[in-house]
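A.B. asks: Attaching a predicted model along with its sequence, questions to come.
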Amino acid sequence: MNYAFLIDNRKCIGCHACSTACKSENEIPLGVNRTWVKYVEKGEFPETRRYFQVTRCNHCAKPPCVPICPTKAMYRRDDGIVEFDSKLCIGCKACMQACPYDAIYIDPDSGTAAKCHFCAHRTDVGLEPACVVVCPVHAIVAGDMSDRNSEISRLLSAHEVSVRKPDQNTRPKLFYIEAEESAILPMAASQDSGMLWAQWPGEGNGNGNGATDWRGPIQIAPGKMAGALLRSGARETYNVPHRVPWHWPVPAYLVTKAIGAGAFLVAAAGVALGLLPSTPLFTTVASSLALLFIGVTTGLLVGDLDRPERFWTILTRPQWRSWLTRGAVVLMAFAAAAGTFGIAHALGRPDLARYLAWPGVVLAILSAVYTAFLFAQAEGRDLWQSRLLSLHLFVQAVMAGAATLAIGGLLAGIPAEATRVLSWTLGASLLADLVLTAGEFVFPHASGVAAAAARLITNGRYAPHFWGGVIGGVVLPLLLIALAGGSLPVVALAGALSLAGLFLYEWAFVMAPQQIPNN
C-alpha cells in the first residue's frame, strides 16, 4: 500500500470544512493546525480571482523529518503514512526545521511534535480521513496509489498534477490538480502584516520572545482588503502563522560549544606540537574550560527541549541517523577525553596525557563541526545547507579557543612566546573566518529561499547583528592584533570582541532562515 492525498483545485471553494473537521477529529488545540487553507488573490481590479490551497503534511516518500528525529518519534509506516509517536518525542523541534512545508508543529498542551497523520486511526479500520469525508465538493481525495483501480490512481493517471517544492527531492505525496503557482510556491505572492480577516501576531511565539501570544487572539487588519485588489500581481490574503522553532539557546549553544571544543583543541594540540608550554593554563585549566563550556552547552540543549525530562530517550532509544543523537554521543566522548586529559596532568602523569591529547583533539574537532551535519539535515532551511559550514565551524572553534585562552592568560600570566602563538592563532582564524563569511554570503546561493535568508541577514532585519559580528567581532580584532599583537592585554581584548561578535553572527545565522516561510 502507498497512501497519498490529492487536492482538486477545480472544485475547492475555500470553506475550511477540512480544517474544522481535522481539528475536531484529532482534538487539536487553538493556534496550531494540521490542515489549513491558504488564500492568494491575483489580478487587477476588477479582474481579480481568489485561489485556494489546502495545505498539510505531504507524507513524503523520503521524509526529512524522519532521519533527523533523535528518538524515532517520527517514522514512516510501511503503507507510506508518515506517523509520529508523541510518547517518544522530546520536543527538540528538529523535525520542524527539517520539514520544507511547515507542516509540523509543537502541540502547546503536550509539548510534543504533531502533524497530519492521515487520520491513521480511521485509515487502519477502513475509513477515510475526516477531511475527505467532510469536504462538500469532494475536492480532497485520499487513497492507495498502488491500487490501480483506486480513485486517486485514476485521477493521477488522467490529470497533470503538481507538488510543492519538487526540488527538495522529498518525493511528496500531496498532489494538486490545477495548482496556482503563486499559491503553491512560498513567497511567489506578496506578503505583509495585513490579512483578509486577521494579521500575523508579530514575533510572539509563546516563549516570551515577542509581545503577542502566538496562539491568538485574531486581530483585525486595518484597511488592507480593498488596497490589495487595486494592485496587480498576486497577494497572500489568508494563511496561518507558524512558530519559530529555535531561539536564543541555539546561537548561545554554538558559541559555548565553540569555546569548549576550541579551548581544548588549541591547548592540547599546541602543547603536543611544542608550540605552547605545558603550564596549568594549557593542561588542567584548558581541560576544565572544556568541561565547563560543554556542560553549559548540554544545559542549553536540554533546556531548549519542550519535554526536557525526556532527554535521556536519546540514549535509551537512539535514532542513529540523527545528528542530534550522534552529536550527543560526540559531546559525551569529548567530555570524557578532556576530563581524563586534565586528571592525568593533575596527577602528575604527563606521559599518560600525551596519549590522550590527540584522541581528545579529534573529538574536539568533531564536537565543533557536527552541527554542520545537523543543519544539513534541517532541509527546511536552505541557507543552512552550505558546504562551507563544517569548515566555518572548525575555524570558529579555533578562534573561540584562542580567544578564551588569551583571556585566561591575562588572568593567569603566560610567557611571551605563548602570547605570540595565541596571537597568531587568533589572527589566522579571524582572517579565515572573514574569508569563509564572504564565501557564505557573497557568492550566489543555490535557491531563492537561501538567497532571501541571506538578504535578511546582510541587508534586512538581522543586518545589525551580522555587520556588528563581522566588523566588531572580526575586522576590529584583526586590526588590534596587527597593530599590537605582541601585547597580551591587546590579544585578550581582541579575543573578547571576537567572542561577542561570534554570538551576534550566530544569532543572525540561526534566526534569519527561520523567518522565511515554507508555505
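C.D. replies: Everything's here; your move.
A.B. asks: residues touching residue 277, list them.
C.D. replies: Residue 277 sits next to 271, 414, 415, 417, 418 when contact means Cβ atoms under 8 Å, 6 or more residues apart in numbering. Every C-beta, even on glycine, is put in place using the N, C-alpha and C of the backbone.
A.B. asks: right, and the helix or strand after the helix or strand hosting the first one?
C.D. replies: Spelled out, that is residue 271. Taking DSSP states H and E as the criterion, residue 271 maps to helix 249-272. Downstream of helix 249-272, the first helix or strand assigned by DSSP H and E is helix 284-303.
A.B. asks: what's next to the helix or strand that that next one is followed by, contact-wise?
C.D. replies: Note on helix 284-303: by DSSP H and E, the next helix or strand toward the C-terminus is helix 313-316. Residues from elsewhere that reach helix 313-316, judged by Cβ under 8 Å, 6+ apart: 70, 71, 88, 90, 324, 325, 328.
A.B. asks: Residue 73 is in contact with the third one, correct?
C.D. replies: Yes: here residue 88 lies in contact with residue 73, judged by Cβ atoms under 8 Å, at a distance of 3.9 Å.
A.B. asks: neighbour-wise, which of the two wins?
C.D. replies: For residue 88 and residue 73, the more surrounded residue by other Cβ atoms under 10 Å is residue 73, and the numbers stand at 25 against 20.
A.B. asks: residues contacting the more buried one?
C.D. replies: Residue 73 neighbours (Cβ under 8 Å, 6+ apart): 84, 85, 86, 87, 88, 89, 90, 112, 113.
A.B. asks: how about it, phi and psi?
C.D. replies: phi -70, psi -30 (degrees, to the nearest 10).
A.B. asks: can you give me the helices for the stretch 351-500 of the chain?
C.D. replies: Ranges of helices in the stretch 351-500 of the chain, per DSSP state H, counting those that start in this stretch, are 389-412, 416-441, 448-458, 463-467, 476-484, 488-511.
A.B. asks: helices or strands next to the second one in the packing?
C.D. replies: The reference is to helix 416-441. helix 249-272, helix 389-412, helix 448-458, helix 476-484, helix 488-511 (3 or more Cβ pairs under 8 Å, 6 or more residues apart in numbering; DSSP states H and E).
A.B. asks: With mean pLDDT and mean neighbour count added, can I get the ones you listed in JSON lines?
C.D. replies: Below are the helices and strands packed on helix 416-441 laid out as JSON lines (pLDDT from 0 to 100; neighbours: other Cβ atoms under 10 Å):
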{"stretch": "helix 249-272", "mean pLDDT": "97", "mean neighbour count": "26"}
{"stretch": "helix 389-412", "mean pLDDT": "96", "mean neighbour count": "24"}
{"stretch": "helix 448-458", "mean pLDDT": "93", "mean neighbour count": "20"}
{"stretch": "helix 476-484", "mean pLDDT": "93", "mean neighbour count": "17"}
{"stretch": "helix 488-511", "mean pLDDT": "96", "mean neighbour count": "23"}
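A.B. asks: do you know which of those lies nearest residue 382?
C.D. replies: When the helices and strands packed on helix 416-441 are compared by Cβ to Cβ, helix 448-458 sits nearest residue 382, at 3.8 Å.
A.B. asks: just to revisit the earlier point, mark which of the contacts of residue 73 are buried, thanks.
C.D. replies: Taking 16 or more other Cβ atoms under 10 Å as the criterion, what is buried in the contacts of residue 73 is 84, 88, 89, 90, 112, 113.
A.B. asks: State whether the fourth one and residue 318 are indeed in contact, as I suppose.
C.D. replies: No: when contacts are counted by Cβ under 8 Å, residue 90 is not listed as touching residue 318 (11.7 Å).
A.B. asks: shared neighbours of those two, which are they?
C.D. replies: 70, 71.
A.B. asks: Residue 152 reaches residue 141, doesn't it?
C.D. replies: Yes: under the criterion of Cβ under 8 Å, residue 152 makes contact with residue 141 at 5.0 Å.
A.B. asks: overlap in contacts of these two?
C.D. replies: Common neighbours of residue 152 and residue 141 are listed as 5, 6 (criterion: Cβ under 8 Å, 6+ apart).
A.B. asks: list the contacts for residue 454?
C.D. replies: Residues in contact with residue 454, defined by Cβ under 8 Å, 6+ apart, are 383, 440, 441, 445, 512.
A.B. asks: just the contacts of residue 73 now: which is nearest residue 335?
C.D. replies: residue 90 (20.3 Å).
A.B. asks: Would it be right to say that that closest one lies in a strand?
C.D. replies: No: counting by DSSP: H, G, I helix; E, B strand; the rest coil, residue 90 is not part of a strand but coil.
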